[in-house]
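J.: Okay, sequence plus prediction incoming.
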Amino acid sequence: MTDRFDILRSWIRAAADRALDRAKDTRVASAAKQVLERLTERRWRLSDETLTAAAAHADGVDSAMVACRSGRLFIDASMSNGQEVQFSLTPHAVRFAPRGAKEISFDVEPPDAHDTSIVGALAGCIAKATWPMIVPAHSLDVGGAIVERESPGRLRVDLRSVPAVRRFASTQAAAMIFDVLELESLRVEPGALAITLKLPQLAP
C-alpha cells in the first residue's frame, strides 16, 4: 500500500511540476505548489477553535461556539439582535462536478432554528481549507457562502458563492485549481471537522 501511495504521490508531483513549467505568473506557480501540498496531505482537520472563530465572525453574530461531537457540529450563538441560536449540522453529501457545482449539504436540527450567516461562514472556512490559495496566507476572512434550503431539514451550499472563491475564479490559476482540488468527504470527529480531498485521475 505504501509503495502504491509513493507512486501516486510521484505522479501528483510530476503533474504539479508540469503546471509550474507552464506558469508565467508567480501567483500561478505559488498556487501550483499549494496544490501539491494539499494533495500529498489529502486529509485536513478543522478544529472546534477554527470553526468557532469562523462562526463568531459571521454577520450579525456577537459570540459563538462550535463543538464537534457525536457526528454533528453543535452551534451555540448570541446574535446582535439579542436572539440566542442553537442548532446542529450533520454533513450529508459532497457534490463536485468538473467545471461545475462545488456543493456541500448538511442536515440541520431543529430545521427552523439555524442562522444562514453562520452556516455560510462555516462553509467559507471549509472552502479556505480546500483551496487555501483563494486568499493570502495572512488573510482570515473569506466571506460567507449563500445557503439554500434543499428540503425542510437540509441545507445546500455551493462553495463557489463564497466571496473569496468568486474573486479567485477570475484568476489564471482558477480552472486548474478547481479541477484538481475536489472534496471527497466531510466527517465530524471528536473536536474537529475532517475534510478529505479526492485524488485526481492523472494522465501519465
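T.: Looks like it came in fine.
J.: Check which helices and strands the strand or helix carrying A67 sits against.
T.: Secondary structure from DSSP states H and E places A67 in strand 61-69. The contact analysis (3 or more CB pairs under 8 Å, 6 or more residues apart in numbering; DSSP states H and E) places strand 61-69 against helix 48-56, strand 72-79, helix 116-130, strand 182-189. C-beta here means a position set from N, CA and C on the backbone, and glycine is covered the same way.
J.: List the buried residues of the longest strand seen in the chain.
T.: Counting by DSSP state E, the longest strand found in the chain is strand 84-96. Neighbour counts using 16 or more other CB atoms under 10 Å place 85, 87-92, 94, 96 of strand 84-96 among the buried residues.
J.: what lines up beside that strand in the sheet?
T.: strand 72-79 (antiparallel), strand 102-109 (antiparallel) (DSSP bridges).
J.: what's the first-to-last distance across stretch 154-170?
T.: Terminal residues of stretch 154-170 are spaced 31 Å apart (CA to CA, to the nearest Å).
J.: Now that stretch: buried residues?
T.: Buried, per 16+ other CB under 10 Å, within stretch 154-170: 154-165, 168.
J.: Going by distance to E182, which of those wins?
T.: Each of the buried residues of stretch 154-170 was scored against E182 by CB to CB, and L159 proved nearest at 10.5 Å.
J.: tell me the contacts of that closest one?
T.: By CB atoms under 8 Å, 6 or more residues apart in numbering, L159 lies in contact with 102-104, 123, 126-127, 130, 145, 165.
J.: D115: neighbour count?
T.: D115: 22 surrounding residues under other CB atoms under 10 Å.
J.: Leaving out the residues flanking it, which one is nearest to it?
T.: V85 (4.9 Å; CB to CB, 6 or more residues apart in numbering).
J.: repeat for G120
T.: G144 (3.2 Å).
J.: still on that earlier bit, could I have the strand holding A67 exported to PDB, CA atoms only?
T.: Extracted C-alpha coordinates of strand 61-69, given in PDB (Å, rounded to 0.1, in the frame of the first residue of the first chain):
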ATOM      1  CA  VAL A  61     -23.100  37.400  15.500                       C
ATOM      2  CA  ASP A  62     -21.900  38.700  18.800                       C
ATOM      3  CA  SER A  63     -20.400  35.500  20.000                       C
ATOM      4  CA  ALA A  64     -20.500  31.800  19.000                       C
ATOM      5  CA  MET A  65     -19.200  28.400  20.000                       C
ATOM      6  CA  VAL A  66     -18.900  25.300  17.700                       C
ATOM      7  CA  ALA A  67     -18.300  21.800  19.100                       C
ATOM      8  CA  CYS A  68     -17.800  18.700  17.000                       C
ATOM      9  CA  ARG A  69     -19.100  15.500  18.600                       C
END
